[in-house]
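Visitor: Using only what follows, build the 3D model:
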Amino acid sequence: MTKAFKATRFASIPYELMDVMSERGGKQIICVYLWLHRFGWCSDQGCWASIATIAKSTGIKVKDVQQAIKWLIAEEWVVQTPRPGRTSVFFVRMHRDDTSMQFDFCQRKRIFTLLLSG
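Guide: Purely as a prediction, here's the structure:
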């Protein structure tokens with residue numbers, strides 16, 4: 001691998017979540033998940049993009065983005081942390097059953113990125 005490789009220039013989606021694609025609203029759910037992933041994956045600060053920003057980025061109506069996020073939270077693919085005011089921070093999960101796997105992956109990814117840049 002060359003130093004030009006950027007580990008942060010891709011998005012991952014669990015196969016289990018991909019199965020939602022054929023359900024009603026599934027395409028919107030996956031699209032919102034991927035944008036949450038892009039805006040906040042492996043960040044200690046999470047995704048702090050607004051619903052309006054996500055809607056604009058995805059081309060999906062605000063109401064549909066809200067429904068997708070509500071579904072992702074209920075199904076434990078995303079964790080929501082309220083902030084003061086009207087906003088929240090979202091944390092994407094790759095494994096619904098074991099959060100330590102996600103954070104372990106993030107830690108390994110940071111180390112890998114540091115090795116490539118050094």
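Visitor: From I69, how far off is the residue minimising distance to the centre of the chain?
Guide: With distances taken as CA atoms, centre = their mean, H37 lies nearest the centre of the chain, 2.5 Å away. Distance from H37 to I69, counting by CB to CB, to the nearest Å: 13 Å. For glycine as for every other residue, the C-beta is placed from the backbone atoms N, C-alpha and C.
Visitor: Please apply the same query to G26.
Guide: G26 is 14 Å from I69, by CB to CB.
Visitor: which one of those two has more residues nearby?
Guide: Taking other CB atoms under 10 Å, G26 and I69 do not tie; I69 has more neighbours (21 against 16).
Visitor: need the contact list for that one.
Guide: Going by CB atoms under 8 Å, 6 or more residues apart in numbering, I69 touches 32, 36, 51, 54, 78, 80, 90.
Visitor: and the helix or strand where the residue nearest to the centre of the chain lies, C-alpha only, in CSV?
Guide: With elements taken from DSSP states H and E, the one containing H37 is helix 26-40. In CSV, the C-alpha atoms belonging to helix 26-40 read as follows (Å, rounded to 0.1, in the frame of the first residue of the first chain):
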residue,chain,number,x,y,z
GLY,A,26,-35.1,0.5,3.2
LYS,A,27,-33.2,2.5,0.6
GLN,A,28,-33.6,5.7,2.6
ILE,A,29,-32.5,3.9,5.8
ILE,A,30,-29.3,2.6,4.2
CYS,A,31,-28.6,6.0,2.5
VAL,A,32,-29.0,7.8,5.9
TYR,A,33,-26.8,5.2,7.6
LEU,A,34,-24.0,5.7,5.0
TRP,A,35,-24.1,9.5,5.4
LEU,A,36,-24.0,9.2,9.2
HIS,A,37,-21.1,6.9,8.7
ARG,A,38,-19.4,9.4,6.4
PHE,A,39,-19.9,12.4,8.8
GLY,A,40,-18.9,10.7,12.0
